[in-house]
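Participant: The sequence and its predicted three-dimensional model are supplied below.
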Amino acid sequence: MLRLDLANVLSERIGPKGIDWPSALAAHAQRLEAARDALWQRKSDPAEFLGWIDVPEDTETLRRVLRFREAQAWVEDLVVLGIGGSALGAQAVAAALGKGPVRLHFVDNVEPEPILELLRKLEPHKTLVNVISKSGSTAETMAAFLAFRRWLEDRLGPDWKRHVVVTTDPVKGILRPYAQAEGLPTFEVPPAVGGRFSVTCPVGTLPLAFAGVDLENLLAGARKANEQARAALEHNLPAQTALLHHLFSQKGQNIVVFMPYSTRLRYLPDWFVQLHDESLGKMRDRAGQEVRTGTTAVRAIGTTDQHAQVQLFREGPHDKLINFVRLLNPSEDLEIPAVRGLEALDYLFGKSFFKLLDAEAKATAHALAKAGQPNYTLTLEQLDAYHLGWLLQHLMWQTAFLGELWNINAFDQPGVELGKEYTYALMGRRGWESLAQELRTEGVE
């Protein structure tokens with residue numbers, strides 16, 4: 001079960017900054033129903049990039065991923081070459097649920113020292129490299145691939161091809177024909193799935209298969225989120241959380257803090273930040289008008305950031321909506337022992353670590369509410385593949401609903417493209433000479 005606790009956003013709890021939830025839901029019911037219906041109606045159009053909705057139903061691709069994993073029993077280290085949506089989802093799930101024995105390494109930056117350190121410690125005969133790029137032109141990913149390909153070929157000779165698997169567009173881009181020419185195994189990024197929505201397709205499931213994640217239950221959880229996203233509003237969890245974000249953005253809460261109380265979920269906020277900010281950080285709406293509504297996502301981890309950021313959240317500007325993620329039950333627990341001479345700590349003696357974690361989460365949420373700082377909690381029954389898949393797909397649906405409420409195309413990223421073009425020009429890519437000259441004129445070399 002994925003539960004939503006709204007107590008700390010209600011006017012009766014936090015005062016003027018709060019909302020009357022039943023009235024708000026009723027007032028926006030027509031818009032939310034229209035958003036829901038529009039998303040489901042458009043999902044069959046590849047141009048809308050809603051293919052992530054149907055991916056959890058693709059059991060044939062899942063079987064192919066699992067067969068490939070079983071055939072590579074020799075792998076001890078898997079290197080994932082990807083950036084942004086090609087890495088963050090798998091990294092978040094692997095940190096939460098990965099059981100090994102294969103070690104996953106994510107190369108998602110082009111800083112040379114960490115790459116060299118990784119190359120020096122890996123054993124090429126036991127290493128598989130998964131290069132992930134839909135277009136095959138992602139500069140960071142392809143630079144890393146060129147380095148790892150050379151490293152494998154220098155040490156393994158022609159056998160290097162057995163140590164590379166490619167995840168890319170089924171037709172377009174430069175990686176597909178290259179992989180075919182070299183005889184490399186390939187998996188598809190569905191054309192109608194954008195990177196930040198790709199964790200349930202082979203972009204995520206292939207590395208997660210090597211991490212020992214229960215993929216069947218991960219996708220089953222995602223299907224549960226789909227079921228809710230199609231339901232009536234009183235049962236439609238992503239529509240409800242999207243409405244929360246919409247209402248509080250109108251009240252001046254233009255920062256969204258995503259704060260799971262779990263070290264195992266430590267990379268989930270990074271994935272959420274990209275999902276939210278790249279999808280919804282738009283200058284123009286679908287009608288070409290300037291966007292006047294929007295929020296910025298910020299990462300935090302409980303309990304660590306109780307000692308780093310909560311001071312600001314409680315007593316700083318009340319421009320934030322805080323989304324806590326808690327676990328209802330631990331998978332394992334540890335008792336806090338009694339120690340003679342430290343009787344001042346007897347309130348801890350005999351209690352469990354999970355009880356302390358849970359108390360800190362509840363206490364922080366209540367302390368923020370007492371200060372009039374709105375916050376809500378999503379609670380997972382436990383941290384397993386089913387509930388994490390449900391949460392991931394829920395957050396993707398939440399993002400899609402917000403795009404509809406704000407009349408924003410949540411599935412493009414025009415603000416990222418100019419930076420890519422400048423990079424191509426600075427690196428001397430053919431066809432970008434005029435832009436390189438423009439940069440030189442502006443003092444960028």
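Facilitator: Thanks, I have the structure now. Residues are numbered from 1 along each chain as shown.

Participant: where do the helices sit along the stretch 201-350 of the chain?
Facilitator: 202-210, 215-229, 237-250, 268-280, 310-315 (DSSP state H, counting those that start in this stretch).

Participant: Mind putting those helices into JSON lines with distance to R3?
Facilitator: For every residue, glycine as well, the C-beta is placed using N, CA and C. Shown next, in JSON lines, are those (distance: least, CB to CB, whole Å):
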{"stretch": "helix 202-210", "distance to R3": "25"}
{"stretch": "helix 215-229", "distance to R3": "12"}
{"stretch": "helix 237-250", "distance to R3": "9"}
{"stretch": "helix 268-280", "distance to R3": "17"}
{"stretch": "helix 310-315", "distance to R3": "22"}
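
Participant: Low-confidence regions, the stretch 1-150 of the chain specifically.
Facilitator: Applying pLDDT under 70 to the stretch 1-150 of the chain flags no residue at all.

Participant: and the helices of the stretch 201-350 of the chain, which one's lowest on average pLDDT?
Facilitator: Here the lowest mean pLDDT among the helices of the stretch 201-350 of the chain goes to helix 310-315, at a mean of 92.

Participant: ok, and for that helix, which residues are buried?
Facilitator: By 16 or more other CB atoms under 10 Å, the buried positions in helix 310-315 come out as V310, F313, R314.

Participant: helices or strands up against that helix?
Facilitator: helix 353-370 (3 or more CB pairs under 8 Å, 6 or more residues apart in numbering; DSSP states H and E).

Participant: contacts for the helix it packs on?
Facilitator: 7-8, 13-14, 261, 302-303, 306, 310, 313-314, 322, 324, 326, 330, 333-336, 348, 375, 377 (CB atoms under 8 Å, 6 or more residues apart in numbering).

Participant: Could you list which of the residues you listed belong to strands?
Facilitator: Those of the contacts of helix 353-370 mapping onto strands are I322, F324, R326, N375, T377, per DSSP state E.

Participant: got a pLDDT number for the fourth one?
Facilitator: The pLDDT attached to N375 in the predicted structure is 97.

Participant: Strands of the stretch 1-150 of the chain, residue ranges please.
Facilitator: Using DSSP state E, counting those that start in this stretch, the strands of the stretch 1-150 of the chain run over residues 2-5, 77-81, 103-107, 127-132.

Participant: Turn the ones you listed into JSON lines, columns for distance to M396 and mean neighbour count.
Facilitator: Shown next, in JSON lines, are the strands of the stretch 1-150 of the chain (distance: least, CB to CB, whole Å; neighbours: other CB atoms under 10 Å):
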{"stretch": "strand 2-5", "distance to M396": "14", "mean neighbour count": "15"}
{"stretch": "strand 77-81", "distance to M396": "20", "mean neighbour count": "25"}
{"stretch": "strand 103-107", "distance to M396": "21", "mean neighbour count": "19"}
{"stretch": "strand 127-132", "distance to M396": "18", "mean neighbour count": "25"}
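
Participant: right, so of those strands, which gets closest to L405?
Facilitator: strand 2-5 (17.5 Å; CB to CB).

Participant: Within the sheet, what are the partner strands of that closest one, with directions?
Facilitator: Strand 2-5 has these partner strands in its sheet, going by DSSP bridges: strand 375-380 (antiparallel).

Participant: What are the buried residues along the strand it pairs with?
Facilitator: N375, Y376, T377, L378, T379, L380.

Participant: Would you agree the fourth one is in contact with L4?
Facilitator: Right, the one you point to is L378. Yes - L378 lies in contact with L4 (CB atoms under 8 Å); the separation is 6.1 Å.

Participant: what's near enough to touch E76?
Facilitator: Per CB under 8 Å, 6+ apart, neighbours of E76: P101, V102, R103, E123, K126, T127.

Participant: what's near enough to touch the closest residue to the third one other than its chain neighbours?
Facilitator: Distances taken as CB to CB, 6 or more residues apart in numbering place D77 nearest to R103, at 4.9 Å, with adjacent residues excluded. D77 sits next to V102, R103, L104, H105, L122, E123, K126, T127, L128 when contact means CB under 8 Å, 6+ apart.

Participant: Nearest to N236 among the residues you listed?
Facilitator: L104 (34.6 Å).

Participant: per-residue pLDDT, L405?
Facilitator: L405 is assigned 95 on the pLDDT scale.

Participant: swap in E438?
Facilitator: 70.

Participant: List buried residues within the contacts of helix 353-370.
Facilitator: 8, 14, 261, 302-303, 306, 310, 313-314, 322, 324, 326, 330, 348, 375, 377.

Participant: that older thread, go through the strands of the stretch 1-150 of the chain and name the closest to A232.
Facilitator: strand 2-5 (15.2 Å).

Participant: Which strands or helices does the lengthiest helix in the chain pack on?
Facilitator: Determined from DSSP state H, the single longest helix within the chain is helix 385-405. Packed against helix 385-405 by the contact rule (3+ CB pairs under 8 Å, 6+ apart) you find strand 2-5, helix 29-42, helix 88-97, helix 215-229, helix 237-250, helix 268-280, strand 375-380.
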